[in-house]
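Asks: Sharing a model that was predicted from the sequence below.
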Amino acid sequence: MATITVTELHQILQDNPAQNVIDVRTPVEFVEVHVAAAKNVPLDALDPASLYEKHDLSLEKPVYILCRSGQRATRAAAQLAQGGFPNSVIVEGGTLAWVEAGLPVNRGRGRIISLERQVRIVAGAIVLTGVLLSHFVNPSFIWLSGFVGAGLIFAGISDWCGMGLLLARAPWNRKV
């Protein structure tokens, strides 16, 4: 799959702003911060067959795909390739790299809790609950904390977080 750096994409957008740029993060993540030229097409709603119709994208141009750091963009590019659109380009480092490079972004409301922070809050709450239940109710509840810890290790190694995917589908992450 083809890739491009954020600075290369920024230059392309400077020269010709009418490019196909999609951001496959959740709507809440998109509202929080996004590249001005990007259209929000969440990964779980990505339909290659209707992508160009629904989002007014040109078939003649490549589709530049952004996410938070690159993982979801890679999956989106694979989906597009399977759907018959091989001309997709993954933006390396995603929105994080764009912001770190100091490139211009649109920012939404500041009170939004990012998906990453939501995962930390929920994981911490489950671990604390497991510890308290194991102390006050039954020592076997410690396995709840161990399960969450193992899940966090797996997420760190694989860059795939089941809890994050579940939280992304929560109603408060669907509203914009």
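Replies: That came through fine.
Asks: Please, which helix or strand holds the residue nearest in space to the middle of the chain?
Replies: Centroid-nearest residue in the chain, with CA atoms, centre = their mean: Arg25, separated by 3.6 Å. Using DSSP states H and E, Arg25 sits in no helix or strand.
Asks: Beyond the helix or strand of the chain with the lowest mean pLDDT, next helix or strand please.
Replies: Ranked by mean pLDDT, DSSP states H and E, the weakest helix or strand in the chain is helix 51-54, scoring a mean of 78. Per DSSP H and E, the first helix or strand lying C-terminal to helix 51-54 is strand 63-66.
Asks: So what's the gap between that next one and the chain middle?
Replies: The chain centroid and the centroid of strand 63-66 are separated by 12 Å under CA atoms, centre = their mean, to the nearest Å.
Asks: try stretch 36-52
Replies: On CA atoms, centre = their mean, the centre of stretch 36-52 falls 12 Å from the chain's centre.
Asks: ok, residues contacting it?
Replies: Outside stretch 36-52, the residues within contact range by CB atoms under 8 Å, 6 or more residues apart in numbering are 13, 17, 19, 21-27, 30, 34, 54-55, 57-59, 63, 66-67, 72, 75-76, 79-80, 82-85, 104-106, 168-169. C-beta coordinates here come from the backbone N, C-alpha and C atoms, glycine included.
Asks: Only whichever of the residues you listed are buried, select them in PyMOL.
Replies: To isolate the buried members of the contacts of stretch 36-52 in PyMOL, using 16 or more other CB atoms under 10 Å:
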select buried, resi 13+19+21+22+23+24+25+26+27+30+34+57+63+66+67+72+75+76+79+80+85+168
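Asks: Could you look up the next helix or strand downstream of the longest helix seen in the chain?
Replies: Identified as the longest helix of the chain according to DSSP state H is helix 115-136. As assigned by DSSP H and E, the chain's next helix or strand after helix 115-136 is helix 142-158.
Asks: residues of the helix or strand that that following helix is followed by that come out buried?
Replies: Downstream of helix 142-158, the next assigned helix or strand under DSSP H and E is helix 162-168. Neighbour-count burial for helix 162-168 flags 163-164, 167-168 (criterion: 16+ other CB under 10 Å).
Asks: and helix 162-168, what does it pack onto?
Replies: Judged by 3 or more CB pairs under 8 Å, 6 or more residues apart in numbering; DSSP states H and E, the packing partners of helix 162-168 are helix 115-136, helix 142-158.
Asks: ok, now with 7 Å
Replies: helix 115-136 (3 or more CB pairs under 7 Å, 6 or more residues apart in numbering; DSSP states H and E).
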